[in-house]
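Chemist: quick one: sequence and predicted model below, then my questions.
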Amino acid sequence: MSPFIITIFTMSILSLLLTPPPISAAAHDGETLSAYEVLKSYDFPIGLLPQGATGYDLDKSTGKFSAYLNGSCSFSLEGSYQLKYKPTIGGQIAKGKITNLSGISVKVLFMWLNIVEVVNKGNELEFSVGIASADFPMDNFEICPQCGCGLNCNGNGKVRKIRMGSSVSST
């Protein structure tokens, strides 16, 4: 075997051994939870995060968290809602409430606004951008969107409609 192939093989093995695994929290029985399973444990649907979350940090005593994606992510829903996710999403999570949220923004008219809070209101989720909030049915978020194509990734041209909830308010 040539020294070049041995060197490449050795470097490949070393990179696999030295690459840290995705960060996650342990379940009560020692299982490792995904970022999506942690969302569910706090009464949120998995579709708040796009597909491909690579890991997360969670301080269970304070609820402070960070979730990690491979890179920035953006997509449109229903052709009118445009969302952007930064590679790191952070905030504070408690049962049914995410506050101090950072890393997710939505385009409203011609402006990008940061989503700063998400509240589970039973059958609806309330999203706040600080000065205004809007409710959406929980079942809109049963499926994780995919970066680039959102919920329209099968190529059939059908866009899954995102239904508005019962209220929109401003403060």
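Modeler: Yes, it's here.
Chemist: pLDDT below threshold where in this protein?
Modeler: Counting by pLDDT under 70, the chain contains low-confidence ranges at 1-31, 78-80, 155-171.
Chemist: can you give me the strands in the chain?
Modeler: Taking DSSP state E, the strands of the chain run over residues 55-58, 64-68, 73-77, 81-94, 97-108, 111-114, 117-120, 124-128, 132-137, 168-170.
Chemist: save those as CSV, and put in distance to A35 and mean neighbour count too.
Modeler: To be clear about C-beta, it is placed using only N, CA and C from the backbone, and glycine gets the same treatment. As requested, those are exported to CSV (distance: least, CB to CB, whole Å; neighbours: other CB atoms under 10 Å):
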stretch, distance to A35, mean neighbour count
strand 55-58, 4, 18
strand 64-68, 5, 20
strand 73-77, 13, 18
strand 81-94, 9, 17
strand 97-108, 13, 18
strand 111-114, 20, 12
strand 117-120, 15, 18
strand 124-128, 17, 20
strand 132-137, 21, 17
strand 168-170, 29, 10
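Chemist: what's the closest of those to F44?
Modeler: strand 117-120 (6.2 Å; CB to CB).
Chemist: what strands line up against that closest one, and which way round?
Modeler: strand 97-108 (antiparallel), strand 124-128 (antiparallel) (DSSP bridges).
Chemist: for those strands, give me TSV that also has distance to G91.
Modeler: Listed next are the strands paired with strand 117-120 as TSV, based on distance: least, CB to CB, whole Å:
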stretch	distance to G91
strand 97-108	4
strand 124-128	12
